[in-house]
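Enquirer: task: produce atomic coordinates for the following.
(2 chains)
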Amino acid sequence: MTKYPFLAVITLLIMVILTSGCVNNDTSNQTKTYSGNGISFTYNGTWEIANTTSPNAVVAVGDPKTVDAQKNPYTFVLIQKPNATQNNDLQQTYNQNYAKLFNNSSNQRVSEANITINNNKALENVYLTNSSGMQLQMRAVWITQKGIIYVILCGTTPFNFEKEQKNFDLVINSFKAQ
Amino acid sequence: MVPTLKKEMIDIKSEKEKVARNLQELEFEFAQGNISKSAYNSQKSELESKLETLEVADRVKRLQGRGEAEKPLEYWTEKKEEEKEQKAKEELMKKYITSSSPDHPSNKIKRISGKKNRAALFAILALIFITGIGFGIFLMKVPGESTAVPMTINQSAFPTLNNSTNITNTSVSNTNLTGTTSSSNSNTGSNTNNGGNTGGNTGGNTNST
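Expert: Predicted coordinates:
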């Protein structure tokens, strides 16, 4: 080894570069926290806050790597507040919403479930929808917090739907009304 | 000093004579067939070597100064041996040890190849460094870069409502309502007419009545 000091230096350098690359590349475990508009939640560290034109939207976050030519990310989480209904009943609001939504043939129901998030009752609806010629799979979680109904709409392509569940769960499980 | 030298020179001479006599005897014995050829050869070379040494010593004593000539025969024998060894060593040195002078061609080649190797190593090092930095930039997330991507989300969890259509519907319904109202009015008129009729009828009836 003393005969080839340059070789030793090069080997060491390669090892350092590779090790640092492995350490720094693992950004999937890094998270960010959004706090504002009366809510807070944690989301994937590589995602960014997005502008939204959606009705009654509170905030939206998206994966910048999935942005199309129109700057619309196909992997996102959008938080909305539905219009108040009589008694502000979660189930009733939910039922009324999907009765109308599935009247449109471009939306196809996949599954529905009653779930519990942090000891709060919530309703989940998974469906397929067409948006600008692209099919997206949506997971909408309806939850009441501090007397307000929130819809956490998580969307991506059907191909990436299972893979993105951990990012969606990160938002859903950390969601809190302030 | 001079008597010592003379004595030694006499010693050398007598020794030379003795060795020469021994050599003659050896040749005689070999001629008679009393000793083998190999024994004869080895003894002859030994005696010749001894004789040669004695002659050298004698010559040195005659030519060089007295001080050196005063030295014993062993000294000259040893000196000769040393000279031989020195010569052998020099020959070996010439044979196996290359010159260390910087101008030696082999050293020049070595220096050039060493420089080339070092340059190549530096080039490799630089290449690895640049590649590493490139990979780092490619793989690592630069915060400023990702925030620069503006994104717009226009999806919704709610059924899309076309406001303009609604407005048209409203106006249509208003028109309808207006129409209804007007028709109702006309109906009313007709009703009135009817009523008139009724009234007429009534009147008729009345009239008839």
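
Enquirer: CA only for contacts and neighbour counts going forward, please
Expert: Fine.

Enquirer: host element of the residue most central in space within chain A?
Expert: Nearest residue to the geometric centre of chain A (CA atoms, centre = their mean): residue A:77, 3.5 Å. Using DSSP states H and E, residue A:77 maps to strand A:76-80.

Enquirer: that strand pairs with which strands, and in what direction?
Expert: Strand pairing for strand A:76-80, using DSSP bridges, gives strand A:57-62 (antiparallel), strand A:148-156 (antiparallel).

Enquirer: quick one: the first one to chain centroid distance?
Expert: Spelled out, it's strand A:57-62. 9 Å (CA atoms, centre = their mean, to the nearest Å).

Enquirer: stretch A:84-91 now?
Expert: Distance, centroid of stretch A:84-91 to centroid of chain: 25 Å (CA atoms, centre = their mean).

Enquirer: quick one: end-to-end distance for that stretch.
Expert: Taking CA to CA, to the nearest Å as the measure, stretch A:84-91 stretches 12 Å from start to finish.

Enquirer: buried residues in it?
Expert: Using 16 or more other CA atoms under 10 Å in any protein chain shown as the test for burial, stretch A:84-91 gives residue A:90.

Enquirer: low-confidence bits of chain A, can you list those?
Expert: Along chain A, segments meeting pLDDT under 70 span A:1-3, A:19-28, A:85-86.

Enquirer: actually, chain B.
Expert: Looking at chain B by pLDDT under 70, you get B:1-7, B:64-72, B:97-112, B:140-148, B:161-209.

Enquirer: got the residues of it near chain A?
Expert: B:121, B:125, B:128, B:132, B:135-136, B:139-141, B:146-147, B:149-160 (CA under 8 Å from any CA of the partner chain).

Enquirer: narrow those to those in strands?
Expert: B:152, B:153 (DSSP state E).

Enquirer: for the buried ones among the residues of chain B next to chain A, write the corresponding PyMOL selection.
Expert: Buried subset of the residues of chain B next to chain A, written as a PyMOL selection, criterion 16+ other CA under 10 Å:
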select buried, chain B and resi 125+128+132+136+140+141+149+151+152+153+154+155+156+157+158
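
Enquirer: tell me the residues on chain A that lie near chain B, please.
Expert: Contact residues, chain A versus chain B (CA under 8 Å from any CA): A:6, A:10, A:14, A:17, A:21, A:24-25, A:27, A:46, A:48-55, A:60, A:62, A:64, A:67, A:71-73, A:76, A:78, A:80, A:82, A:97-98, A:100-101, A:140, A:151, A:153.

Enquirer: take these and keep only those in strands.
Expert: A:48-52, A:60, A:62, A:76, A:78, A:80, A:140, A:151, A:153.

Enquirer: which member of those is positioned nearest residue A:107?
Expert: For those, the residue nearest residue A:107 by CA to CA is residue A:140; the value is 13.0 Å.

Enquirer: which residues are in contact with that closest one?
Expert: A:124, A:125, A:126, A:151, A:152, A:153, A:154, B:157 (CA atoms under 8 Å, 6 or more residues apart in numbering or on different chains).

Enquirer: do the same with residue A:44
Expert: Applying CA under 8 Å, 6+ apart, the residues near residue A:44 are A:28, A:29, A:30, A:31, A:32, A:167, A:170.

Enquirer: got the phi and psi for the fifth one?
Expert: Put plainly, it is residue A:32. Backbone torsions of residue A:32, given as degrees, to the nearest 10, read phi -130, psi 160.

Enquirer: so it makes contact with residue A:61?
Expert: No. Counting by CA atoms under 8 Å, residue A:32 does not reach residue A:61; the two are 10.6 Å apart.

Enquirer: and for those two, which residues touch both?
Expert: In contact with both residue A:32 and residue A:61: residue A:43, using CA under 8 Å, 6+ apart.

Enquirer: would you list every one of the helices in chain A?
Expert: In chain A, the helices defined using DSSP state H lie at A:5-25, A:90-101, A:165-174.

Enquirer: single out the most deeply packed of those helices.
Expert: Of all the helices of chain A, helix A:165-174 has the most neighbours on average by mean count of other CA atoms under 10 Å in any protein chain shown, namely a mean of 17.

Enquirer: and the contacts of it?
Expert: Contacts for helix A:165-174 (CA under 8 Å, 6+ apart): A:40, A:41, A:42, A:43, A:44, A:77, A:117, A:118, A:141, A:152, A:154.

Enquirer: if we use 7 Å, what do you get?
Expert: Contact with helix A:165-174 is made by A:41, A:42, A:43, A:44, A:117, A:118, A:154, as judged by CA atoms under 7 Å, 6 or more residues apart in numbering or on different chains.
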